[in-house]
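Based on what follows, work out the 3D shape:
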Amino acid sequence: MHWGMLMDLRKCVGCYACTIACQNEHNLPFTVRWNKIMKMGPVGNYPNLTSYSVPVPCMHCQDAPCANGCPTGASMVRKDGVVLVDRDKCVGCKFCLVLCPYGVRHYNEEKGIVEKCTFCMERLEEGRVTRCVETCQLKARYCGDLDDPDSEIVQLMRKHNAKPLYEELGTKPSVYYIMP
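Purely as a prediction, here's the structure:
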């Protein structure tokens, strides 16, 4: 089992429903976003210009710089591919913030620790999908087992030649994108 996520950028309209659902699910303040939406564009040649939205959660990298560089071992890559922060081990040094090439970690000043997308592990362990996937009415997000060649996510990745963001960094992200 290796949890992964797929974003279909042909369908995402940047409505922020996934961001707000994540905030509600994890009781995050409005200013903290574990799932950012980047607006890209305009791209193309005038008059044929377009723009698109790119959801950017934690990439749950298998060679995660944040976990590799964490001095206390608080940031870790689980066997199922999920990268988590152990709140009891985190000392709030913010080293992982600097190491994350995607800029998706947040320092919680009140708690003195770093937090990030948890891939809604409690939901997955109950057999439910992540909150952001459940909320997306346009079906622009999918989650599933990247090790299962028959899973919906793997089938869609193959069919549409999905790629991770910044593959050249060598972090082996578990989040993939179907480009517009």
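
Which residues are in contact with residue 115?
By Cβ atoms under 8 Å, 6 or more residues apart in numbering, the contact set of residue 115 is 32, 34, 85, 87, 105-108. Just so you know, the C-beta spots here come from the backbone N, C-alpha and C atoms, and that holds for glycine as well.

again, but for residue 120
25, 128-132.

got a markdown table for the residues you listed, with pLDDT too?
Converted to a markdown table, those look like this (pLDDT from 0 to 100):
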| residue | pLDDT |
| --- | --- |
| 25 | 97 |
| 128 | 97 |
| 129 | 97 |
| 130 | 98 |
| 131 | 98 |
| 132 | 98 |
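
Check the residues you listed for burial and list the buried ones.
The neighbour-count criterion (16 or more other Cβ atoms under 10 Å) marks 25, 129-132 among the contacts of residue 120 as buried.

Which members of those define the maximum pairwise distance?
Largest separation among the buried ones among the contacts of residue 120 by Cβ to Cβ: 25 and 129, giving 11.7 Å.

Overlap of the contact sets of these two?
Contacts common to residue 25 and residue 129, judged by Cβ under 8 Å, 6+ apart, are 120, 123.

among the contacts of residue 120, which are in strands?
Using DSSP state E, no member of those falls in strands.

Can you tell me which of these lies closest to residue 47?
Residue 47 lies nearest to residue 132 out of those, by Cβ to Cβ, at 34.4 Å.

now the helices for this structure?
Secondary structure of the chain, counting by DSSP state H: helices at 17-25, 65-68, 95-99, 121-125, 131-135, 152-160.

TSV please, covering these and showing distance to residue 166.
Listed next are the helices of the chain as TSV, based on distance: least, Cβ to Cβ, whole Å:
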stretch	distance to residue 166
helix 17-25	20
helix 65-68	12
helix 95-99	14
helix 121-125	24
helix 131-135	20
helix 152-160	17
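
So for residue 179, which of those sits nearest?
Checking those against residue 179 by Cβ to Cβ gives helix 152-160 as the closest, at 8.2 Å.
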